[in-house]
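Visitor: 3D model of this:
(one chain, ligands or ions: 1)
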Amino acid sequence: MAKLWAGRFQKETDLVVNDFNSSILFDCRLYQEDITGSIAHATMLGKQGIIEQHEADKIVEGLKGILADIDEGKVQFSLEYEDIHMNIEQLLTERIGDAGKRLHTARSRNDQVALDMRMYCKKEIREIIDLICGFLDALMKKSRENLDAVMPGYTHLQRAQPTTFAHYMMAYANMLKRDVTRLQDCLERMDEMPLGSGALASTTYPIDRQFVCDQLGFARVTDNSIDGVSDRDYCVELCSDLSILMMHLSRLSEEIISWCSWEFKFVELDDAYSTGSSIMPQKKNPDVCELIRGKTGRVYGSLTTMLTVLKGLPLAYNKDMQEDKEAVFGAIDTVKQCLEVFTPMFATMTLRRDNMRRAASGGFINATDCADYLTKKGMPFRDAYKTVGRLVNQCIKSEETLETLTLKDFAAISKSFGDDVYDALDLRTCVGERKVIGGPAPEEVTRQIDKIERFVAEVREQEAHA
Ligand code: ARG
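Guide: I've put the predicted structure just below:
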């Protein structure tokens, strides 16, 4: 089969090289972007009189037919034509004859592939943002239902201070909010139209880049043709943003895995989102969370791939850049798959509030509050800290908790204790009194949830008008 670039060559490409060089097996997913981009390009060529209007019309007609046929699964791509760009051009020429050969006027595959990738990434970022918003909905719903679900907060995985499940989940909501804004930021920066860069030094034809830009809904055109074809910063940035997102999902997965264990039993996953063991009948395993934690490695791998592929590349296009596809596609696919399963798994998860509360009652989680109580009675905090330390030590020896000590026990250590100490040690008070901005008091967490809710509504509003 003759290659589109056959003129210069006297031998056919070796079959091994053919397979090695070809990207059609993975870049075929760019067919919509490729065809949409070509339609805009051909329309512009016709409008500028670079090709005859009737030829432009024929090309657009032909491309629309090809798009419909690919959508219906009627098209078989060929390794011989290397990539999606040449497969479609070849198909077009087979269908409409000579006019098809004019499509590639004033264009190179280098600016073509740069265009396709940007269009594809823009579309996928929007879908990922939408999936994150769906997950935020689930986080907010669970938080509203559990504003008063007291649980221990940890440092060093040691029980530290009391918090609530709602407060805890809103920490994750804030991380995911940052993921959304990072992706929006990345999208804003990549929103530049590279077509017209040509192979690298643009073109002598009187093309209208702004027209193509407007047709394809880009914010602006790229400002330098060498950069236009060499830049894959947006791929690096996207993989980086997705890596951070996966890191967040992985941290939450890790928490849920611990909370499902018999040692914690803070939550129970729905049967539909957990798995059993082939040998141990008692097991109910959080495989979904473990897979999300594990798949995080793939996305980090994509980021490493992108950075490494680019680090030694001279300008402009080098074939190494074809390696961006599988890295970026893999990261996008993994993230979408993880979010699609995480959201319903999380939404159907039930809480064992009794166990959370019990865990919060042990471990002297209110020791800070006890010290604060003494401080409010006039004792310097450092002295109060030591006094409560002695009390805790005493409790450990006698297997008691602060709440079970008698007033006499308290008074023996410090005269400052009164019978209002029991109220101060009550976990509801400990949580309820932490009303400062950012704290776990139910009314404060409600404010935090309302804020995230407004954020999600704004994101959806912007999306509806995009
Ligand atoms: N399949 C190629 C890629 O993904 C398209 C660009 C090819 N350009 C070239 N000069 N060989 O990078």
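Visitor: C-alpha only now, for contacts and for neighbours.
Guide: OK.
Visitor: Would you confirm that residue 306 contacts residue 327?
Guide: Yes. With contact defined as C-alpha atoms under 8 Å, residue 306 reaches residue 327; the gap is 6.9 Å.
Visitor: Give the bridge partners for residue 267, please.
Guide: residue 351 (DSSP bridges).
Visitor: and it, what does it touch?
Guide: 256, 259, 260, 349, 350, 351, 352 (C-alpha atoms under 8 Å, 6 or more residues apart in numbering).
Visitor: Dump those residues into TSV; add pLDDT, distance to the ligand and neighbour count as well.
Guide: Output for those, formatted as TSV (pLDDT from 0 to 100; distance: C-alpha to the nearest ligand atom, whole Å; neighbours: other C-alpha atoms under 10 Å):
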residue	pLDDT	distance to the ligand	neighbour count
256	97	40	22
259	97	45	19
260	95	44	20
349	97	43	16
350	97	46	13
351	97	48	19
352	97	51	16
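Visitor: Please convert these to JSON lines, extending it with distance to residue 58.
Guide: Shown next, in JSON lines, are the contacts of residue 267 (distance: C-alpha to C-alpha, whole Å):
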{"residue": "256", "distance to residue 58": "57"}
{"residue": "259", "distance to residue 58": "62"}
{"residue": "260", "distance to residue 58": "62"}
{"residue": "349", "distance to residue 58": "56"}
{"residue": "350", "distance to residue 58": "59"}
{"residue": "351", "distance to residue 58": "62"}
{"residue": "352", "distance to residue 58": "66"}
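Visitor: Could you point out which of those is nearest to residue 317?
Guide: residue 256 (45.2 Å; C-alpha to C-alpha).
Visitor: tell me the contacts of that closest one?
Guide: With C-alpha under 8 Å, 6+ apart, residue 256 has these contacts: 267, 286, 289.
Visitor: Against residue 328, how distant is it?
Guide: Per C-alpha to C-alpha, to the nearest Å, residue 256 is found 28 Å from residue 328.
Visitor: May I see the buried residues of stretch 422-430?
Guide: By neighbour count with 16 or more other C-alpha atoms under 10 Å, stretch 422-430 contains the buried residues 422, 424, 425, 426, 427, 428, 430.
Visitor: okay, how far is it across that stretch, tip to tip?
Guide: Note: stretch 422-430 ends 11 Å apart using C-alpha to C-alpha.
Visitor: what ranges of the stretch 101-250 of the chain fall below the confidence cut-off?
Guide: Applying pLDDT under 70 to the stretch 101-250 of the chain flags no residue at all.
Visitor: I'd like the distance from the one helix or strand residue 139 maps to to the chain centre, please.
Guide: Assigned by DSSP states H and E, residue 139 belongs to helix 109-145. Between the centre of helix 109-145 and the centre of its chain there are 7 Å (C-alpha atoms, centre = their mean, to the nearest Å).
Visitor: Checking residue 153 next. Helix, strand or coil?
Guide: strand (DSSP: H, G, I helix; E, B strand; the rest coil).
Visitor: Can you give me every residue that contacts it?
Guide: Residues in contact with residue 153 (C-alpha under 8 Å, 6+ apart) are 159, 160, 161, 162, 163.
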